[in-house]
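> Quick check, what structure comes out for this input:
(one chain, ligands or ions: 2)
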Amino acid sequence: MAALKAGEPVTACGNGIRPDHVRYKPWFIEEENKLGKTQKFDHMKLIGQYAGGHKHLITLGRFIAGISAVIVLIPYYHLWKIISIAVNGEDLSQISRYAWQAVILTVSSLLIYIVALLCTHIAAFRVQANMRSSLMRRIITLPLGIFDEDGTGKIRRIVNDSTAATETFIAHQLPDKTVAAVTPIGLLVLIFAFNWKIGLICMIPAVLGFVVMMSMMGNGMQEKMAEYQNALETMSSEATEYVRGVPVVKTFGQTVHSFKRFKECIDGFGKWATDYTLMLRIPMTGFMTCINAIFAFIVIAAFAFSKDGITAGLILNVMYYIIVTPLITVALTKVAYSGEAEMTLIDALKRVEQVMEIEPLAENKSGKAPADNSVELRGVTYRYKDATRDAVKNVSIKIAPGEHVALVGPSGSGKTTLAELMVRFFDVSEGEILIGGENVKDIPSSELMKRVSFVFQDSRLIKKSIFENVRMARHDATEAEVLEALKKAQCMDIIEKLPKGIHTVIGEKGTYLSGGEQQRITIARAVLKDAPILILDEATAFADPDNEANVQAAFEELSKDRTLIMIAHRLSTVTNADRIFVMDDGRCTESGTHEELMNQNGLYRRMFDEYSRSIEWKVGA
Ligand SMILES: Nc1ncnc2c1ncn2[C@@H]1O[C@H](COP(=O)(O)OP(=O)(O)OP(=O)(O)O)[C@@H](O)[C@H]1O
Ligand SMILES: [Mg+2]
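Ligands and ions are numbered 1, 2, ... in the order given. So this is what the prediction gives:
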């Protein structure tokens with residue numbers, strides 16, 4: 001294990017926090033805006049596809065919202081009438097009639113709008129449900145390798161947040177968008193119908209405001225929106241990393257600046273926000289000035305038309321326009337916001353599509369079953385997406401059925417990657433992997449899963465009872481079988497401590513169990529699965545000798561009569577292996593039995609001597 005060098009920034013490691021060497025750029029980021037840049041993104045078509053049969057409800061909802069937008073404007077005619085009656089001293093009894101009609105129309109428009117919302121809400125829920133189920137169906141087919149901490153967090157956010165953003169857009173913003181489109185047309189009628197000259201003067205600032213607003217909306221605004229969402233996403237994942245790393249920071253007496261990335265992303269976001277605000281400073285000021293200048297233009301119009309004296313008609317017009325023209329401001333602001341909402345939606349949909357576009361691993365359903373339990377790697381090379389170097393380089397290994405082999409090597413030398421390739425977490429970049437003589441790509445995944453068990457290095461239990469956790473390996477297993485598996489995996493001391501025995505529900509990430517205990521439970525899962533090929537990625541962190549002995553005993557029990565590939569960190573556990581493969585920087589540099597490798601005087605010998613010294617040191621300490 002690499003020691004912390006003086007002056008090196010403390011990076012979060014251990015206790016579920018990733019060591020620095022596994023930090024990598026999430027796969028979504030590289031793909032960013034791929035769709036946006038290469039082709040026109042038709043978001044409404046996409047929404048239509050997800051809506052299926054409910055597509056027409058969206059159209060209906062928008063149509064009804066449009067009707068309500070027209071109806072809500074009609075009372076302004078009544079208003080004109082009321083002012084006219086008051087100013088001209090006509091039949092005052094008519095006022096209450098017009099007032100009632102106006103109230104009824106306003107309430108009706110509100111009720112009609114609610115019906116529109118009802119339609120769009122039903123469609124929105126359907127779209128969200130369809131989107132989530134499509135995502136889930138796609139996710140289940142994806143290479144397991146993308147479900148690391150970063151990948152899982154990103155996918156979770158897309159499944160939750162991006163689909164929720166789409167739902168909000170369809171339910172609320174789509175009808176509002178129709179209202180925003182219809183209202184200006186209705187307003188034009190209201191403004192020009194009564195006195196076109198004053199109307200024309202009022203329109204000057206409104207048109208100017210509109211032009212300024214359109215210039216704001218263009219100019220890479222969509223890209224800015226994507227940058228904003230990305231920045232939020234990065235900050236949120238860095239913040240999580242930071243909170244996880246607080247114990248490390250405290251223990252090592254470091255400051256917040258140890259989390260350079262977190263600080264950098266906050267600084268970066270701050271700079272982005274400042275630049276963005278500065279970019280919008282002039283157009284926004286112009287927009288606000290224009291839309292608020294409408295009143296000033298009414299005053300100018302009043303002066304211009306009062307040359308012949310202040311007539312009742314002029315008073316009527318000025319009063320009417322003072323009431324109606326603020327609607328232009330409201331309408332333009334609505335148009336601006338509906339544009340912004342649309343950009344947020346486009347960004348959310350692009351993120352969903354990026355998940356939908358990840359290629360699943362090709363599955364050969366008619367493929368053959370492996371002939372036996374041998375494992376063979378032929379010139380296997382693998383490079384992680386975005387990585388600049390291969391994690392595994394040209395590895396060729398042949399493991400006979402029933403053979404017990406160990407993979408050892410320094411941290412980061414590619415042991416876990418190699419094991420993950422064997423169970424097709426990813427497909428190899430070069431070379432091939434054969435199980436029982438068949439290329440893993442040709443073995444149906446259900447067959448492969450039946451054939452191979454994998455106990456992970458960082459075993460995670462799900463938030464269910466121990467019984468349920470173990471039974472995930474075989475859903476029809478009885479309680480007696482689960483207990484038997486737990487016994488073989490040396491878990492009985494854990495069970496005895498728990499209040500409800502095997503029915504105790506464990507907290508997220510096994511809150512109530514230590515790392516070593518969690519690994520033993522996952523070994524029980526593998527025992528129950530009873531697959532003939534077993535891959536064990538030994539956990540590094542559990543130095544407690546009792547637990548170590550238990551895990552060791554559980555491994556031994558499990559490996560009887562099976563092909564065993566054991567990734568070992570404590571070299572004392574591998575001395576009995578039939579063969580040991582030594583990994584160094586992605587390559588398999590040495591292989592042989594313990595004695596043979598000790599005689600070779602190579603890396604294994606150095607590692608073993610180092611290990612023996614550390615054991616002596618522990619004993620002496
Ligand atoms: N998800 C990933 N994306 C990019 N690179 C990765 C990823 N996971 C591992 N790597 C890189 O691949 C190399 C091999 O990592 P791997 O986890 O296989 O090492 P290991 O031998 O299992 O180490 P350890 O003994 O610490 O468990 C490392 O250089 C690592 O940085
Ligand atoms: Mg590993």
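
> Helix or strand with the lowest mean pLDDT in this structure?
Ranked by mean pLDDT, DSSP states H and E, the weakest helix or strand in the chain is helix 27-30, scoring a mean of 36.

> max-length helix in the protein?
Longest helix in the chain by number of residues (criterion: DSSP state H): helix 93-139.

> per-residue confidence averaged over that one?
The predicted model assigns helix 93-139 a mean pLDDT of 93.

> ok, so what distance separates the nearest residue to Thr344 once chain neighbours are set aside from ligand 2?
Take Thr344 and drop its neighbours on the chain: the residue closest to it by Cβ to Cβ, 6 or more residues apart in numbering is Ala165, 6.0 Å away. (Each C-beta comes from the backbone N, C-alpha and C, glycine too.) Applying Cβ to the ion, to the nearest Å, the value for Ala165 to ligand 2 is 37 Å.

> One more: Met319?
79 Å.

> Sticking with that residue, tell me its helix or strand.
helix 312-324 (DSSP states H and E).

> Would you mind listing the buried residues in that helix?
Across helix 312-324, burial judged by 16 or more other Cβ atoms under 10 Å covers Leu314, Ile315, Leu316, Asn317, Val318, Met319, Tyr320, Tyr321, Val324.

> cool, and stretch 189-208?
Neighbour-count burial for stretch 189-208 flags Leu190, Ile191, Phe194, Asn195, Ile198, Gly199, Ile201, Cys202, Met203, Pro205, Ala206, Leu208 (criterion: 16+ other Cβ under 10 Å).

> In three-state terms, label the spatially closest residue to Lys224 that is not a sequence neighbour for me.
With sequence-adjacent residues excluded and distances taken as Cβ to Cβ, 6+ apart, Lys224 is closest to Tyr276, at 6.3 Å. With DSSP: H, G, I helix; E, B strand; the rest coil as the basis, Tyr276 sits in helix.

> wait, isn't Tyr276 in contact with Met221?
No. Tyr276 lies out of contact with Met221 (Cβ atoms under 8 Å); the separation is 9.9 Å.

> Which of the three states applies to Ser396?
strand.

> and Lys263, how many neighbours?
15 (other Cβ atoms under 10 Å).

> Before we move on, what's the pLDDT of it?
On the pLDDT scale, Lys263 gets 82.

> Helix or strand for the one residue in the stretch 201-350 of the chain that gets nearest to ligand 2, just tell me which one.
Closest contact between the stretch 201-350 of the chain and ligand 2, by Cβ to the ion, is at Arg244 (19.2 Å). For Arg244, the host element (DSSP H and E) is helix 221-251.

> Who are the packing partners of that helix?
helix 34-38, helix 149-157, helix 260-292, helix 326-356 (3 or more Cβ pairs under 8 Å, 6 or more residues apart in numbering; DSSP states H and E).

> can I assume Val380 sits in a strand?
Yes. Under three-state DSSP, Val380 falls within a strand.

> where's it relative to ligand 2, distance?
Noted for Val380: a distance of 16 Å to ligand 2, by Cβ to the ion.

> Which residues are in contact with that residue?
When contacts are counted by Cβ atoms under 8 Å, 6 or more residues apart in numbering, Val380 touches Val392, Asn394, Val395, Ser396, Leu418, Leu421, Val428, Glu430, Gly431, Glu432, Ile433.

> Give me the most central residue, this structure.
Centroid check for the chain by Cα atoms, centre = their mean gives Lys154 as the closest residue, at 2.5 Å.

> That one contacts Glu233, doesn't it?
Yes. Lys154 is in contact with Glu233 according to Cβ under 8 Å; the separation is 7.4 Å.

> which neighbours do the two share?
By Cβ under 8 Å, 6+ apart, Lys154 and Glu233 have no common neighbours.

> I'd like to know how many residues surround Ala362.
8.
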